[in-house]
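# Sequence and predicted model, in that order:
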Amino acid sequence: MPSLADESALLRELDRLAAAGRYQEVLERLAALPAATAAGRTPIALRAAEAHGRLGAFAEAERWAAVALESARARGEQHAELRARNYQAAIALSRGNLDEAEGHFAAAVDMARALRDPASEARCFNNLGIIAFLRGNPKAALASYQPALAAYQRAGLPRGLAETHHNIGISRRQLGDFQGALEAAEQAARLAREVNDDSLVGLVLTGRAEIHLAMGDGPLAEAELHAAEQAYQRVQFRSGLAEVWRVRAGVARTRGDITVAVRLLREAADLAATQGTAEVLSATERDLGAALEAAGDRAGARAARERALTIFRRLGAADEIQSLQALLA
């Protein structure tokens, strides 16, 4: 077991790498530790759970979150227990298990308030907003994002503020408020660059690209996507590329290049199936169905839409379910 000074130095190094979005390097550093050290220390298990989750390795993230939760409870480490519960909820959300995630987050909000932990409170509200959005209620999502912003402000966490502004942009885009969406996305991009986290930069630039695409500016969207891909590649954040390719396929369709769109969407679906979230995979399969139909492949389009429908049903996304059912009728 390392000394307290050695462990503190290690945790500072891991936090520095995570703050820069270099999660692969976090895992490489953890892999060099004796197995008993990693499994026996709550802070190390927490960082392993976060890094695996950020990279889309949800089974490993879930395993480490359970290790961290057990360790925290055994040691009476309430703040660490709350963090582990938040990770478990976030993993359930990424896998599309919305009811499970919502239950975890709702319980964690109460615990965060009791412990006066604004960072955890903010994460819960942000993720509850994502759940509302996935269920097809962007107005309810926006209502959750406001207390998330307030709590992130109290905690002094610009990364969390960037993520929440990014999510606000997505909801406003869905509501057709493109100017409001763009303002939120630009705020997210400013904060992401301030944090100097390339994985976050890639996320918010991809979101801003989709807004530009919805506004009819394909060339600007393409430029944003190129920058997003470069940011992800700098930190070996491969799972983020699935959404980049999905949006890039939309740009290709505006040019009438259906062949490129289909190729990009197939590649995005393959990546999202192994490293992405249920949200990204469902949207990719939905878009693939539309692209294949445009290419004249009706059987392929139907199969992609059926795959998307299966995931949307698990998410409880009523509008998407209704739309796909009409197309499949």
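On my side now, so go ahead.
# C-alpha from now on. contacts and neighbour counts both.
OK.
# can you list the residues that contact the helix or strand where Asp99 lies?
For Asp99, the host element (DSSP states H and E) is helix 98-114. With Cα atoms under 8 Å, 6 or more residues apart in numbering as the test, helix 98-114 has contacts from 82, 85-86, 88-93, 118, 120-121, 124-125, 127-128, 131, 314-316.
# what's the answer for stretch 256-263, then?
248-250, 252-253, 288, 291-292, 294-295.
# repeat that with 7 Å
Contact with stretch 256-263 is made by 249-250, 252-253, 288, 291-292, 295, as judged by Cα atoms under 7 Å, 6 or more residues apart in numbering.
# what's the answer for stretch 158-175, then?
126, 133, 138, 142, 145, 149, 152, 178, 180-182, 184-185, 187-188, 191-192, 195, 204, 207, 211.
# 8 Å - rerun?
So stretch 158-175 is contacted by 122-123, 126, 130, 133, 138-139, 141-142, 145, 148-149, 152-153, 178, 180-185, 187-192, 194-195, 200, 204, 207-208, 211, 214 (Cα under 8 Å, 6+ apart).
# so how far is that stretch from its chain's centroid?
12 Å (Cα atoms, centre = their mean, to the nearest Å).
# Only the buried residues of it, if you could.
Buried residues in stretch 158-175, counted by 16 or more other Cα atoms under 10 Å: 158-174.
# Where helices are concerned, which of the residues you listed count?
158-174 (DSSP state H).
# hmm, back to that, in ChimeraX, how would I select the buried members of the contacts of helix 98-114?
Selecting only the buried entries of these in ChimeraX, with 16+ other Cα under 10 Å as the criterion:
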select :82,85,86,88,89,90,91,92,93,118,120,121,124,125,127,128,131,315,316
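# Which stretches in the stretch 101-250 of the chain count as helices?
118-134, 138-155, 158-174, 178-195, 198-214, 218-234, 241-254 (DSSP state H, counting those that start in this stretch).
# Could I have the buried ones of the contacts of stretch 158-175 as ChimeraX selection syntax?
To isolate the buried ones among the contacts of stretch 158-175 in ChimeraX, judged by 16+ other Cα under 10 Å, type:
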select :122,123,126,130,133,138,139,141,142,145,148,149,152,153,178,180,181,182,183,184,185,187,188,189,190,191,192,195,200,204,207,208,211,214
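# Give me the buried positions along the helix holding Asp99.
Result for helix 98-114 [16+ other Cα under 10 Å]: buried residues 98, 101-102, 104-106, 108-109, 111-112.
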